[in-house]
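Asks: I need the structure of the sequence given here:
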Amino acid sequence: MLDILLIAIIAIIIGANDASNVFGSAVGSKMLKFNTAVLFFMIFIILGAIINAENPSKVYGNLVLDYPDLKKIFLIIIPVVIVTLISLKLKIPSSISQSVIFSLIGFSIVEGLKIDFELFLNLIYFWIATPFIAFLISIFFCWIINLMFNFLKLNVFQIDYQIRLSLIIFGCFAAFALGAHLTAAIVGIYSPFLNLNLEILNFYLILDDKKLYFFASLLIGLGAYFFSKKIVKSVGSQISNIKPIPALAILFTQIIILLSFSSNFFIDLLNKIFPFQIFAIPLSASHITFASIVGIASLNKFREMKPQQSIKIILSWIIIPISVFGCSFFLTSIYRF
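Replies: Numbering: from 1, shown residues only. Below is the predicted model of the structure:
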């Protein structure tokens, strides 16, 4: 039961923080009230989880070729919780997906489980490439959106209305895209056990994928409802003070990249376009968001960027996975002896 409690904590933490990335701009511009924004967030997070979470969650099961002991799953989750809480305290965005993967690797090495290192290296390649892709796509979409509004020749009030409405629509799609990746990160380590009859606490429980995705995404939504209000409002005001069009470009970048690595339709389409294989992988929304902000800031010669904070965030992309791996390796080693 400890692992279930820890997973619930992670889900609530995710909901408290990621709601701001999706609807912060809409709440900040007063197009949406907070309660309405959270309702949209919950609905589309759940839909995204149920429809698309199965694809990226398979990576966690495929990464380790042997079944880990279900009773030791908490050793994978505890390091993720510890490092995530520390990063939140330091106000540094962290990737739950990457943390779970590196914790699983540390655990598996100590336990002597077979690891698919080729898959692991492919994940790292995509994780390195994703911020660069987000950087370029955000610039492109910012240019396209500006061009579109200039072409339509709308007045100030029409532009304001269209932008606010777009923030809501794009926010819903972003929540849908996030649902697959966030939920996969939470329940992915259970993927080898899905649809198996397992004896837990002297009774049989059927671990069904749709049920797990639903309850995990519901917990994310509840975390957003009860704990994200201050974060959403503060982030929203910051985004709206910058410019609304970059906010749209950031959301659209999130949607395109996250769906490209979770939706069967987008994966099949990309495999027809590119000569190398594209497959569903868990991605970090915070990395995509930061890289998109940097991309848009480059249009103004990085005047709005804070160099020290940016370097701090980039370094955390290296430090956090290593810390989770080390913590998992250490805890599992202690538990064995």
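Asks: low-confidence ranges in the chain?
Replies: Where the chain drops to pLDDT under 70, the residues are 1-3, 17, 19-21, 24-26, 28-31, 67-68, 191-209, 230-242, 303-305, 337.
Asks: in the protein, which spans are strands?
Replies: 197-200, 203-206 (DSSP state E).
Asks: ok now do the closest residue to I256 other than its chain neighbours, which residues does it touch?
Replies: Using C-beta to C-beta, 6 or more residues apart in numbering and skipping the chain neighbours, the partner closest in space to I256 is I137 (6.3 Å). Every residue, glycine included, has its C-beta placed from N, CA and C. Applying C-beta atoms under 8 Å, 6 or more residues apart in numbering, we find I137 in contact with 253, 256-257, 292, 295.
Asks: can we see that at 10 Å?
Replies: Applying C-beta atoms under 10 Å, 6 or more residues apart in numbering to I137 gives the contacts 249-250, 252-254, 256-257, 288, 291-292, 295.
Asks: let me see the contact set for the residue nearest to P131 when sequence neighbours are not counted.
Replies: Spatially, and ignoring its direct neighbours in sequence, P131 is nearest to A291 (3.7 Å; C-beta to C-beta, 6+ apart). Counting by C-beta under 10 Å, 6+ apart, A291 touches 130-138, 250, 253, 257, 284, 314.
Asks: closest to D66 out of these?
Replies: S284 (26.6 Å; C-beta to C-beta).
Asks: okay, now that closest one: neighbour count?
Replies: 23 (other C-beta atoms under 10 Å).
Asks: do you know how far it is from L178?
Replies: From S284 across to L178, the span is 11 Å (C-beta to C-beta, to the nearest Å).
Asks: and the helices in the stretch 51-200 of the chain, which stretches?
Replies: 54-63, 74-89, 96-111, 117-152, 156-187 (DSSP state H, counting those that start in this stretch).
Asks: deepest of those, which one?
Replies: Mean neighbour count (mean count of other C-beta atoms under 10 Å) peaks for helix 96-111 among the helices of the stretch 51-200 of the chain, with a mean of 24.
Asks: what's the angle from that helix to helix 54-63?
Replies: If you take axes from the mean of the first three to the mean of the last three C-alpha atoms, to 10 degrees, helix 96-111 sits at 20 degrees to helix 54-63.
Asks: name the helices or strands packed onto helix 96-111?
Replies: Applying 3 or more C-beta pairs under 10 Å, 6 or more residues apart in numbering; DSSP states H and E, one finds that helix 96-111 contacts helix 2-28, helix 54-63, helix 74-89, helix 117-152, helix 156-187, helix 285-298, helix 307-336.
Asks: now do 8 Å
Replies: helix 54-63, helix 74-89, helix 117-152, helix 156-187, helix 307-336 (3 or more C-beta pairs under 8 Å, 6 or more residues apart in numbering; DSSP states H and E).
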